[in-house]
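1. Sharing a model that was predicted from the sequence below.
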Amino acid sequence: MSNDAATAANATRTALTTPPADGPDTEPPVFGLGASLPPADARAKTEGTFPYAADLWAEGLLWAAVLRSPHPHARIRSIDTTAAAVMSGVRAVVTHEDVPGDGAYGRRVVDRPVFASDLVRHHGEPIAAVAADHPDTARLAAAAIVVEYEVLEPVTDPEKAFEAEPLHPDGNLIRHIPLRYGDPDITGEVIVDGLYRIGRQDPAPIGAEAGLAVPRPDGGVEIYTASTDPHTDRDLAAACFGLEPDRVKIVVTGVPGATGDREDPGFQLPLGLLALRTGCPVKLAATREESFLGHAHRHPTLLRYRHHADAEGRLVKVEAQILLDAGAYADASSESLAAAVAFACGPYVVPHAFIEGWAVRTNNPPSGHVRGEGAMQVCAAYEGQMDKLATKLGIDPAELRLRNSLSTGDILPTGQTVTCPAPVAELLREVRDFPLPALPKDSPEDDWLLPGGPEGAGEPGAVRRGVGYALGMVHMLGAEGADEVSTATVRVHDGVATVICAAVETGQGFSTLARQVVQETLGIEEVHVAAVDTDQPPAGPATHGRHTWVSAGAVERAAKMVRTQLLQPLAHKFGMSTELLQIANGKITSYDGVLSTTVTEAMDGKELWATAQCRPHPTEPLDGSGQGDAFVGLAFCAVRAVVDVDIELGSVRVVEMAVAQDVGRVLNPSQLAARIEAGVTQGIGTALTENLRTARGVIRHPDLTGYALPTALDAPEIRIVKLVEERDVVAPFGAKPVSAVPVVTSPAAVASAVRAATGRPINRLPIRPQAAVAAPTTG
């Protein structure tokens, strides 16, 4: 094993063996909350037998292919499907003319056509779809469709979108948020300015989009796909098909990776239309290129900042302008902008803040929900500003951050009081004080690993080490008045419990957590989680840690109701309240030992079940000055990055990432560590390699060769040095979601470390080699 591969393996071991905050002497439970219960599908996924949508089959199956625009902006003069329709094996061709109504959809804003009709607004926009008896025939038929385009000048610079001709009937401005907090005329003794650019990150799921649509005898359709928000997808599909929602069913298959919305409706809707047109099952398995062209990406962002501080380094005022490039359609841009503006100052106390935020349409690829949207972009910028302030004031970067750190009871620039635990200073101290990794010269038994790899062209003498810090924050659940509700049913029969909840398992661990909740509440070890479809009550999208909070909360409430049904007859029989009875390890006992029986015996062949909902306290939209209690809760993270930089070549190697995180409560230690490690690794990709490049709106190299994802060989040592378990009293179990905040914080920490190593400003992510070449010194 190479040194970097060994490092990656060691990082995994480090993360998975980090003891919980209660200490290493605490005996871990076998099952229930706090246990490292493995996922039920882990073996099947490891052996390659787990069924994904791409594996599905049906009798009489047809194959679909989609024709996409090669232009980012064009007027469609004509579409001729004649040649495709007469090809042998072709069963149907559909265009905008075959979509009922106005043919528009959108998970959040209805502004996107199923098929472009008169205008193409981005490269890869669907024009038509074909169903044929073989996938090659379908692709050939799609290529045979003749489209006459009048190519138009694309608007690719979001700054020019304000003055450009409208790209959409709704205009180019999607949302503007002006945040006003404090005195606009106040100034600080020290002022630093910065301009920052964040690139376009792709979710790049390990499995590309796929689906199967099957027509029903009642004229409806069932769509089998890896949706992360099945009820929303069902409703918009029904509208596009001209059907009532109860005649469309979404069945969720295995999800092959999701760090954002999965299965863009642009993949699902042509499938359903073709199945309804042909009366046959139709399958689509996207190529990697189609995946890049078809789904949403992280918003590229331009950020201008001015920080004011006093002579001691305490922040006085933050001014910022934030511009999000939404691409052709709105999607999640409004929510992303709200997060960016609200968290533009970071987890710091800022008495005066004036932020302008805009999200605009362009002819670039569509942007949407990707983990940590909005918060990640501003974190890179405000932490760059903190490094500039530290340098100008001659203050240690970690100390400067500590002097300004946010805590419970402080007020955000949105006017919202931080009521949840906010141990920001503690997190930073933990990573600051954690021992630094040894320098290579201090470990002669280790081979020197140069940035760029052991076969790189660099020289050890050109390598400089840098240490950087970053603090990040994210909001939990939806925001600005979103109705965050989930429903779950727990059924128990013959000593086996079943959870029915439409919360989609995307890799965040909900299915495992649901099992643990029922084990903890009912003392039943064998718990199954039913497959998800839209015949079940809605549970909402798998974003912002919703399912850890509201869906697991609904499961807990339903399980407690079943517990009451189970214990009440026994309590009545023995003349005591149910509170005096406990369930553990499949046994029911009373406080005095008089009663001792098993759960199976107490069931006596009965089936017990209950359904419950969980809904957190309401939030409100930001007002015209960016003020309002917009968020249910917040989570925080501190990261210290250690990097080696070849200051001649600009190549960067991340040596170690030390992480301290505010988790509320550890519900599954191994699963939590894996989520943090995954988030840090994704953040490293954002910092160093991941950038979906475009040329005048056209995606360049839409494949995994041109889009460089971090691999196991790129993974550094990831040290989880502290998990702060200060429970959030309003959250079920007191736990906070953990996946997003390391994604938000890690890129900023890497950038900070590269600044420390090179003395360069580092104002663009991902970091380009030329930006990491040290500035020349003058003699």
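-> Yep, that arrived.
2. in the sheet, who's paired with Gly357?
-> Judged by DSSP bridges, the bridge partners of Gly357 are Ile177, Ile322.
3. May I have the residues that are in contact with it?
-> Gly357 makes contact with 175-179, 321-324, 337, 340-341, 344 under the criterion C-beta atoms under 8 Å, 6 or more residues apart in numbering. Every residue, glycine included, has its C-beta placed from N, CA and C.
4. Kindly indicate the member of those with the most neighbours.
-> The residue in those with the most neighbours, by other C-beta atoms under 10 Å, is Ala344 (32 neighbours).
5. which residues does it contact?
-> Contacts of Ala344 by C-beta under 8 Å, 6+ apart are Leu179, Val318, Ala320, Ile322, Ala353, Ile355, Gly357, Val378, Ala381, Tyr382, Pro413.
6. any idea how far Pro435 is from it?
-> 34 Å (C-beta to C-beta, to the nearest Å).
7. now do His231
-> For His231, the distance to Pro435 equals 49 Å [C-beta to C-beta].
8. More neighbours: those two, which one.
-> Set His231 next to Pro435 and count neighbours by other C-beta under 10 Å: His231 wins out with 20 against 8.
9. Confirm that the more buried one sits in a helix.
-> Yes. Secondary structure of His231 (DSSP: H, G, I helix; E, B strand; the rest coil): part of a helix.
10. Is it in contact with Pro538, as I believe?
-> Yes. Counting by C-beta atoms under 8 Å, Pro538 is a contact partner of His231 at 4.0 Å.
11. who touches both of those two?
-> Ala502.
12. dump the residue contacts of Arg563.
-> Thr521, Leu522, Thr578, Ile583.
13. got it, and Asp533?
-> With C-beta under 8 Å, 6+ apart, Asp533 has these contacts: Pro230, Lys249, Ile250, Val251, Val252, Ala502.
14. quick one, what contacts Val730?
-> Val730 neighbours (C-beta under 8 Å, 6+ apart): Thr419, Cys420, Pro616, His617, Val632, Gly633.
15. Just the ones in strands from those residues, please.
-> Val632, Gly633 (DSSP state E).
16. Am I right that Leu402 is in a helix?
-> Yes. Under three-state DSSP, Leu402 falls within a helix.
17. Numbering from 738 from now on, please.
-> With the count now opening at 738, the last piece we talked about shows up as Leu1139.
18. Okay, Arg1283 and Leu1446: tell me how far apart.
-> On the measure of C-beta to C-beta, Arg1283 and Leu1446 end up 26 Å apart.
19. Show me which of these two is the more surrounded one.
-> Set side by side, Arg1283 and Leu1446 show more neighbours around Arg1283, with 26 against 14, by other C-beta under 10 Å.
20. phi, psi of Gly1152?
-> Backbone dihedrals for Gly1152, given as degrees, to the nearest 10, come out at phi 90, psi 0.
21. same deal with the one 10 residues further on?
-> The phi and psi values for Ala1162, taken as degrees, to the nearest 10, are phi -60, psi -40.
22. Adding pLDDT, distance to Ala821 and neighbour count, write the contacts of Val1467 out as TSV.
-> What follows is the contacts of Val1467, written out as TSV (pLDDT from 0 to 100; distance: C-beta to C-beta, whole Å; neighbours: other C-beta atoms under 10 Å):
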residue	pLDDT	distance to Ala821	neighbour count
Thr1156	95	59	14
Cys1157	94	56	22
Pro1353	91	50	21
His1354	90	54	9
Val1369	93	50	25
Gly1370	93	52	24
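23. And the furthest pair within the contacts of Val1467?
-> Thr1156 and Pro1353 (12.5 Å; C-beta to C-beta).
24. Where does the prediction get shaky in the protein?
-> 738-765, 997-1000, 1178-1186, 1190-1195, 1512-1516 (pLDDT under 70).
25. go again using 80 as the cut-off
-> 738-768, 844, 994-1001, 1177-1187, 1189-1197, 1321-1323, 1330, 1341, 1511-1516 (pLDDT under 80).
26. Including distance to Val958 and secondary structure, could the contacts of Ala1081 go into TSV?
-> TSV is the format used below for those (distance: C-beta to C-beta, whole Å; DSSP: H, G, I helix; E, B strand; the rest coil):
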residue	distance to Val958	secondary structure
Leu916	45	strand
Val1055	51	strand
Ala1057	47	strand
Ile1059	41	strand
Ala1090	50	strand
Ile1092	45	strand
Gly1094	40	strand
Val1115	42	helix
Ala1118	45	helix
Tyr1119	47	helix
Pro1150	47	coil
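27. Return the closest of those residues with respect to Thr1249.
-> Distances from Thr1249 to the contacts of Ala1081, taken by C-beta to C-beta, are shortest for Val1115, at 32.2 Å.
28. From Ile1059, how far out is the closest one?
-> 7 Å.
29. Can you pull the residues that touch both of these two?
-> Shared contacts of Val1115 and Ile1059, counting by C-beta under 8 Å, 6+ apart, come down to Leu1040, Ala1077, Ala1081.
30. and Leu1404, that's in a helix?
-> No. Using three-state DSSP, the secondary structure at Leu1404 is coil, not a helix.
31. and it, how many neighbours?
-> Neighbours of Leu1404 (other C-beta under 10 Å): 25.
32. That one and Phe1470 touch, don't they?
-> Yes. With contact defined as C-beta under 8 Å, Leu1404 counts as touching Phe1470 (6.2 Å).
33. Overlap of the contact sets of the two?
-> Common neighbours of Leu1404 and Phe1470 (C-beta under 8 Å, 6+ apart) are Leu770.
34. backbone phi and psi for Pro942, please?
-> phi -60, psi 150.
35. picking up where we left off before, mind picking the one among the contacts of Arg1300 that's closest to Leu1460?
-> Taking C-beta to C-beta as the measure, Thr1258 is the one of the contacts of Arg1300 closest to Leu1460, at 23.7 Å.
36. ok, for the closest one, nearest residue in space, not its chain neighbours?
-> Ala1296 (3.9 Å; C-beta to C-beta, 6 or more residues apart in numbering).
37. residues in contact with the one you found?
-> Val1227, Ala1234, Val1254, Val1255, Thr1258, Leu1259, Ala1347.
38. just to confirm, which helix or strand has it in it?
-> helix 1289-1311 (DSSP states H and E).
39. Report the beta-bridge partners for Leu1019.
-> Quick fix: residue 1019 reads Val, not Leu. Applying DSSP bridges to Val1019 gives these bridge partners: Leu799, Ala950.
40. separation between it and Val958?
-> 10 Å.
41. For the two, indicate the residue with more neighbours.
-> Set Val1019 next to Val958 and count neighbours by other C-beta under 10 Å: Val1019 wins out with 33 against 25.
42. What segments of the stretch 1138-1287 of the chain are strands?
-> 1200-1216, 1223-1230, 1233-1238, 1264-1266 (DSSP state E, counting those that start in this stretch).
43. Over to the stretch 888-1037 of the chain?
-> Going by DSSP E, counting those that start in this stretch, the stretch 888-1037 of the chain shows strands at 910-918, 927-935, 947-952, 958-962, 985-989, 1019-1022.
44. so which of the strands of the stretch 1138-1287 of the chain comes closest to Tyr1066?
-> strand 1200-1216 (19.8 Å).
45. Who are the packing partners of the closest one?
-> helix 1070-1079, helix 1112-1130, helix 1134-1141, helix 1161-1170, strand 1368-1383, helix 1477-1495 (3 or more C-beta pairs under 8 Å, 6 or more residues apart in numbering; DSSP states H and E).
46. which residues sit against stretch 1123-1134?
-> Residues contacting stretch 1123-1134 (C-beta under 8 Å, 6+ apart): 927, 929, 931, 1044, 1046, 1048, 1050, 1083, 1085, 1136-1138, 1205-1206, 1489, 1492-1493, 1498.
47. Give me the buried subset of the residues you listed.
-> Among the contacts of stretch 1123-1134, those that count as buried by neighbour count (16 or more other C-beta atoms under 10 Å) are 927, 929, 931, 1044, 1046, 1050, 1083, 1085, 1137-1138, 1205-1206, 1489, 1492-1493, 1498.
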